[in-house]
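1. build me a model from this:
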Amino acid sequence: MSTNNIVEELKKNIAHFQKETEKEEAGKVVEVGDGIARISGLSKCQAGEMLEFSGDVFGLALNLEEETVGCVLLGDYEHIKEGDTVKRTNKILSVPVGEELIGRVVNSLGMAIDGGKDIKTTKFYPIEKIAPGVMTREPVTQPVQTGIKAIDAMIPIGRGQRELIIGDRQTGKTAVAIDTIINQKGKDMICVYVAIGQKESKIARIVAKLKETGAMDYTIVVVAGASSPAALSYIAPYSGVAMAEYFMDQGKDVLCVYDDLSKQAWAYREISLLLRRPPGREAYPGDVFYLHSRLLERACRRNKESGGGSITALPIIETQASDVTAYIPTNVISITDGQIFLETDLFYRGIRPALNVGISVSRVGGAAQIKPMKKVAGKLKLAMAQFREMEAFAQFASDLDPETKKQIERGQRITELLKQPQYQPVSVENQVVSIFATNNGYFDNVAVKDISTAEKKLNDFMNKSKRSLLDKIAAGEWDEKIEKELKSACEEFNK
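-> Okay, the predicted model is just below:
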């Protein structure tokens, strides 16, 4: 190309050159420390917006004040210093969602932390979202089978319900949630387990157990460990429910476990006090109720016109000395549709799951049970409540009338029947058979200590020789004919 041609080409390019100006709002760090930064100069910043700091660290804007913006830092902030430039991203904090996350262990920002390959997904959901309105919801009617006899019979959980699991430390709260996840195998349910402030060793054991039982094939584990910054513990449950909402939008059913929300409230209290928000009762900020309500309200069952699908929430709350009337427990009890209360005394007496039948309740109740379970479990809660009263009374009375004696013996057998080892969920049809046999006196001649052996033998007998009857029960069929068949099967077994 000749020199003239080059000059002409350059002139042409210069003539058509248009400079595009990019407007970028930037601020300066005024103060940094304890995972919190104050920034000046970001007058148009939005609440919940991601802010970019040097060294690829992001912050989440929480306090919008007259002169400054208070934000929490999501990552290692030791290199950030006063005077550093901070840029707005104009994006509300979002996490990756999609099928690619199933079977993975991720942090609160949706990044893989299980040593596997990076998660490549094109879809992102904001962690904060307004919950579906009343008109897009429908009543809860389908059960979530936990595989735990005491819960499925007396405190049933439905798809789209929010059922609180509450109790002191080391009473088996996580065990109930993990058993429920394991029992969803083959039930067309995706599970999201959010671990907040848990020891990394405990989370590793849980993930290993889920892999061993094949439950990781339909589970996402979101982790904000005990060593993570408070900001990540605060956003972890919101990230988990955003990942669940993606599947609900596809018309699928999702189970979300938040283990546990007490630690999220502690993290939020820490952030709020560092941001100098006024402390209220027990030093929690005034909006700590809203912290949990806007999370748990996102669990619902949507109607067909709105795309169907459901999110069932199992929040876990840790109490101190069984005090259910403390601030955070009462807050969450008032948001949820019932609670499973696990009691320390029962746990140490060897009754596991250590379920307190008196305080535990499901506000959905029988609507979320299959018909056979509803029929056989009706008498169970009443019998258990009566037995608990009589049990205390029986210790003082030397000679009891036959009726009372019978009630106490039946109660002892039911208590023994409802004991269950960890990681061994029982199918709903086998539960129905066991409860039916106990209610109708087929175990009355069995010693209390041998009930679990007798139950195992009965279930083996039913699975081998009466499979078609069990299939009918599992499908929710129940009439006089099935009841007669079940009676004759129990009599045949007794012989």
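
2. residue 481 in helix, strand or coil?
-> At residue 481, secondary structure determined by DSSP: H, G, I helix; E, B strand; the rest coil is helix.

3. what residues are up against it?
-> Taking CB atoms under 8 Å, 6 or more residues apart in numbering, we find residue 481 in contact with no residue. C-beta: built from backbone N, CA, C; applies to glycine.

4. my guess is residue 117 is in a helix, correct?
-> No: assessed with three-state DSSP, residue 117 is coil; it does not lie in a helix.

5. quick one: residues contacting it.
-> Residue 117 makes no contacts at all, as judged by CB under 8 Å, 6+ apart.

6. again with residue 14
-> Residue 14 neighbours (CB under 8 Å, 6+ apart): none.

7. look up how far residue 6 lies from it.
-> 13 Å (CB to CB, to the nearest Å).

8. bridged to residue 33, which residues?
-> residue 36 (DSSP bridges).

9. what's the burial count for it?
-> Residues contacting residue 33 under the criterion other CB atoms under 10 Å number 12.

10. against residue 275, how distant is it?
-> Residue 33 is 12 Å from residue 275, by CB to CB.

11. what's the answer for residue 420, then?
-> The gap separating residue 420 from residue 275 is 45 Å, by CB to CB.

12. and these two? which has more neighbours close in?
-> More crowded of residue 420 and residue 275, by other CB under 10 Å: residue 420, with 19 against 16.

13. so how far is residue 94 from the residue nearest to residue 98 when sequence neighbours are not counted?
-> For residue 98, ignoring the flanking residues on the chain, the nearest one in space by CB to CB, 6 or more residues apart in numbering is residue 121 at 4.1 Å. Using CB to CB, residue 121 is found at 11 Å from residue 94.

14. same question for residue 210.
-> Distance from residue 210 to residue 94, by CB to CB: 26 Å.

15. which of the residues in the helix or strand containing residue 391 are buried?
-> Residue 391 is part of helix 371-394 when elements are defined by DSSP states H and E. With burial defined by 16 or more other CB atoms under 10 Å, the residues of helix 371-394 counted as buried are 371-377, 380-381, 383-384, 387, 390, 394.

16. stretch 405-415 too?
-> Those would be 407, 408, 410, 411, 412, 413, 414, 415, for stretch 405-415 by 16+ other CB under 10 Å.

17. ditto for stretch 351-369
-> 351-357, 360-362, 364-365, 367-369.

18. narrow those to those in strands?
-> 361, 362 (DSSP state E).

19. and the helix or strand harbouring residue 404, what does it pack onto?
-> If you go by DSSP H and E, residue 404 is part of helix 402-418. Contacts defined by 3 or more CB pairs under 8 Å, 6 or more residues apart in numbering; DSSP states H and E place helix 402-418 against helix 149-154, helix 371-394, helix 428-439, helix 451-465.

20. quick one: residues in contact with that helix.
-> 149-150, 153, 351, 353, 355, 380, 383-384, 386-388, 390-391, 394, 397, 400, 434-435, 438, 443-444, 446, 448-449, 451-452, 455.

21. per-residue confidence averaged over that helix?
-> Per-residue pLDDT values over helix 402-418 give a mean of 86.

22. who does residue 219 form a beta bridge with?
-> Listed by DSSP bridges, the beta-bridge partners for residue 219 are residue 191.

23. quick one: it from residue 466, how far?
-> Relative to residue 466, and taking CB to CB, residue 219 is found at 33 Å.

24. and what of residue 290?
-> 52 Å.

25. and these two? Which one has more around it.
-> residue 466 (20 against 11).

26. these two touch, right, the more buried one and residue 488?
-> No: at 9.7 Å, residue 466 does not count as touching residue 488 under the criterion of CB atoms under 8 Å.

27. so what pairs up with the most centrally placed residue in the chain in the strands?
-> Geometric centre of the chain, nearest residue: residue 257, 1.3 Å, by CA atoms, centre = their mean. Beta bridges link residue 257 to residue 193, residue 314, judged by DSSP bridges.

28. contacting residues around it?
-> 177, 180, 181, 191, 192, 193, 194, 314, 316.

29. which SS class is the second one?
-> With three-state DSSP as the basis, residue 180 sits in helix.

30. number of residues surrounding it?
-> Residue 180: 26 neighbours (other CB under 10 Å).
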